[in-house]
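>>> heads up, no residue letters with this:
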């Protein structure tokens, strides 16, 4: 049986000229988020063919752990910069695991 974790990919698109600033702001989220009790993984990617489009693959123990994450100081500090750095709101794609890992 597959355990129900909160798994998602956040799509974050930089405004023109803000790619580096957005990347740096996202990187600042990684260590404090990984230190959260309910965080299983938190990994940043950038689209090779579309520079400035980032994907944060994230998994939390459950929905409550994800909701806790959105209320942390480090996430709120990032959220305060989103309008300045991003060309559109975060697109959060929630995923449900349907196969085993092996």
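Arrived safely, thanks for sending. Bear in mind that the values here come from a model prediction, so they are computed numbers and not experimental data.

>>> would you quantify the distance from residue 61 to residue 80?
Separation of residue 61 from residue 80 (Cβ to Cβ, to the nearest Å): 26 Å. All C-beta atoms are positioned from the backbone trio N, CA, C, and that covers glycine.

>>> just want to know which of those two has more residues nearby.
Taking other Cβ atoms under 10 Å, residue 61 and residue 80 do not tie; residue 61 has more neighbours (17 against 9).

>>> so what's that one up against?
Residues near residue 61 by Cβ atoms under 8 Å, 6 or more residues apart in numbering: 5-6, 37-40.

>>> the strands in this protein, which residues?
6-13, 39-46, 53-60, 91-95 (DSSP state E).

>>> outside of the longest helix along the chain itself, list whatever touches it.
Secondary structure of the chain per DSSP state H: the longest helix is helix 19-34. Residues outside helix 19-34 that contact it (Cβ under 8 Å, 6+ apart) are 12, 14-15, 39, 41-42, 44, 46, 51-52, 54, 56, 58, 69, 72, 74-75, 78, 81, 85-86.

>>> mind listing what's buried along that helix?
19, 22-23, 25-26, 29, 32-33 (16 or more other Cβ atoms under 10 Å).

>>> show me the two of those residues that sit farthest apart.
19 and 32 (22.2 Å; Cβ to Cβ).

>>> ok, what's across the strand from the most centrally placed residue in the chain?
The centroid of the chain falls nearest to residue 56 when counting by Cα atoms, centre = their mean (3.7 Å). Residue 56 forms beta bridges with residue 10, residue 44, as assigned by DSSP bridges.

>>> so which bits of stretch 57-71 are buried?
Applying 16+ other Cβ under 10 Å to stretch 57-71 flags 58-61, 65-66, 68-69 as buried.

>>> same thing with stretch 46-58?
Quick answer for stretch 46-58 (16+ other Cβ under 10 Å): 46, 52-56, 58.

>>> was I right about residue 92 contacting residue 10?
Yes. Contact criterion Cβ atoms under 8 Å: residue 92 and residue 10 qualify, at 5.3 Å.

>>> just to revisit the earlier point, which among the contacts of residue 61 count as buried?
Buried, going by 16+ other Cβ under 10 Å: 5-6, 38-39, out of the contacts of residue 61.
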